[in-house]
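Novice: I would like the atomic coordinates for the input below:
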Amino acid sequence: MKEHLRRSRSRTGSLTKADIMTMHPLHVLVLTCVTLFIGGQARAKPARNPVIWADVPDVAAIRVGDTYYMASTTMYMSPGLPIMKSKDLVNWELIGYAYDTLTDNDAQADLKVDLVSIGDYVWWDVDRDGQQDASEPVVPGVIVNLYDEFGALVGTTTTGDNGYYAFTSLQPGMPYSVEFIKPDGSVFTYQMQGDAASDSNADRATGKTPVFTTPTSGNNLATPGQADDPTIDAGLWSKINLVVAKHLATDGPFVQGDEITFYLSPSNEGPMDALAGWSVTEVLPEGLTLGRSRSLGG
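Specialist: Below you'll find the predicted structure:
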């Protein structure tokens, strides 16, 4: 290339179009830059090719103020991506490299991502306050679904005998949501009332939680109380099951006009406490008249 340019100058004193068409693209780029520079400013001193006596492929240059910066590729060699600066696009100074070494395999690269977990309880909200109290019973066998940020189902589990569920190996710092499938005959308690660590996250109509973001780091444990996010849970109300038993206290046989004594024993066989204020009304068969009644309980 250098010899070719010398022959061209000796014939014409300048480069011809044919000379430029036979050059390497890099040299054309360098010559173009020099020509533009010289054409736009006063000629300080002549530029000679090659401008840089080195292999400088795939260059990219920017100007910051009155200084030009240029980077070039080095493929797989290290140090890599040399960065040079110049005031005139002719005289370039190497100022450093973008990286010292490149890692070429996964064994050398630290690509580890610490996965995380979520887990909590499903419980009967006996006092209907939207908060999980220590004495309130848990609900086993509840189906729990996990959805990603796009609403795609990515996991399903069931609460154990202790009412606890967990999802592990989740991506840290990513959005998810959980859906609780309520058992037949139950409804969800009030959503997100009071302390976030012990409230119920499930929507009362759908059983789905709001979208939440997983912790950015953690231990990825499924043990109760040790999940990285132990706050995503659901409280339930159950239909109460009030039962009234009638016990006869007077021996028969009976004839018209006899007084008969019997006891009514109400009880709740459901998992939820009945609200205060309930009562029992006796509906007598035809031909009987209520004489008197009294309460034996508190």
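
Novice: CA atoms for contacts and neighbours, from now on please.
Specialist: Noted.

Novice: which helix or strand contains Phe180?
Specialist: Following DSSP states H and E, one finds Phe180 within strand 175-181.

Novice: per-residue confidence at the nearest residue to Val59 once chain neighbours are set aside?
Specialist: Leaving out its chain neighbours, the residue that sits closest to Val59 by Cα to Cα, 6 or more residues apart in numbering is Ser72, at 4.6 Å. With respect to pLDDT, Ser72 scores 91.

Novice: help me confirm that Ser72 comes into contact with Asp55.
Specialist: No. Assessed by Cα atoms under 8 Å, Ser72 is found out of contact with Asp55, at 9.3 Å.

Novice: what stretches of the chain score poorly on pLDDT?
Specialist: Applying pLDDT under 70 to the chain flags residues 1-45, 103-111, 240, 270-271, 275, 296-298.

Novice: which stretches in it count as helices?
Specialist: Per DSSP state H, the chain has helices spanning 2-12, 17-21, 25-40. These are given in chain order.

Novice: just to revisit the earlier point, who has more neighbours, Ser72 and Asp55?
Specialist: When neighbours are counted by other Cα atoms under 10 Å, Ser72 and Asp55 differ, and Ser72 comes out ahead with 18 against 10.

Novice: so what's that one up against?
Specialist: Ser72 is in contact with 56-60, 81-83, counting by Cα atoms under 8 Å, 6 or more residues apart in numbering.

Novice: sorry, back to before: and the residue nearest to Val59, its phi and psi?
Specialist: Ser72 adopts backbone torsions of phi -140, psi 150, taken as degrees, to the nearest 10.

Novice: how far away is it from Ile95?
Specialist: The spacing between Ser72 and Ile95, counted by Cα to Cα, to the nearest Å, is 12 Å.

Novice: do Pro230 as well
Specialist: For Pro230, the distance to Ile95 - Cα to Cα - is 52 Å.

Novice: of the two, who's got more company?
Specialist: Each of Pro230 and Ile95 has its neighbours counted (other Cα under 10 Å); Pro230 has more, 18 against 10.

Novice: quick revisit: same for the strand holding Phe180, what does it pack against?
Specialist: Contacts defined by 3 or more Cα pairs under 8 Å, 6 or more residues apart in numbering; DSSP states H and E place strand 175-181 against strand 143-148, strand 212-213.

Novice: break the protein into its domains for me.
Specialist: The chain breaks down into these domains under automatic domain parsing: 2-99, 116-238, 240-298.

Novice: burial-wise, tell me which of those domains comes out on top.
Specialist: Greatest average neighbour count among the domains of the chain goes to domain 116-238 (a mean of 19), per mean count of other Cα atoms under 10 Å.

Novice: so how far is it off the chain centroid?
Specialist: How far domain 116-238 lies from its chain's middle: 15 Å, per Cα atoms, centre = their mean, to the nearest Å.

Novice: for that domain, measure first residue to last.
Specialist: Length of domain 116-238, first residue to last, Cα to Cα: 33 Å.

Novice: ok, stretch 169-188 next?
Specialist: Stretch 169-188: ends 28 Å apart by Cα to Cα.

Novice: same thing with stretch 118-134?
Specialist: 20 Å.

Novice: do stretch 58-66 as well
Specialist: Start-to-end, stretch 58-66 (Cα to Cα) is 23 Å.

Novice: ok, now stretch 126-142?
Specialist: 17 Å.

Novice: need the contact partners of it.
Specialist: 121-125, 158-164, 180-183, 189-195, 198-200, 235, 237, 271-273.

Novice: so Leu236 sits against Gly163, correct?
Specialist: No. Judged on Cα under 8 Å, Leu236 makes no contact with Gly163 at a distance of 11.8 Å.

Novice: intersection of neighbour lists for these two?
Specialist: By Cα under 8 Å, 6+ apart, Leu236 and Gly163 have these common neighbours: 122-123.

Novice: now Pro82: how far from Phe262?
Specialist: Using Cα to Cα, one obtains 101 Å as the distance from Pro82 to Phe262.
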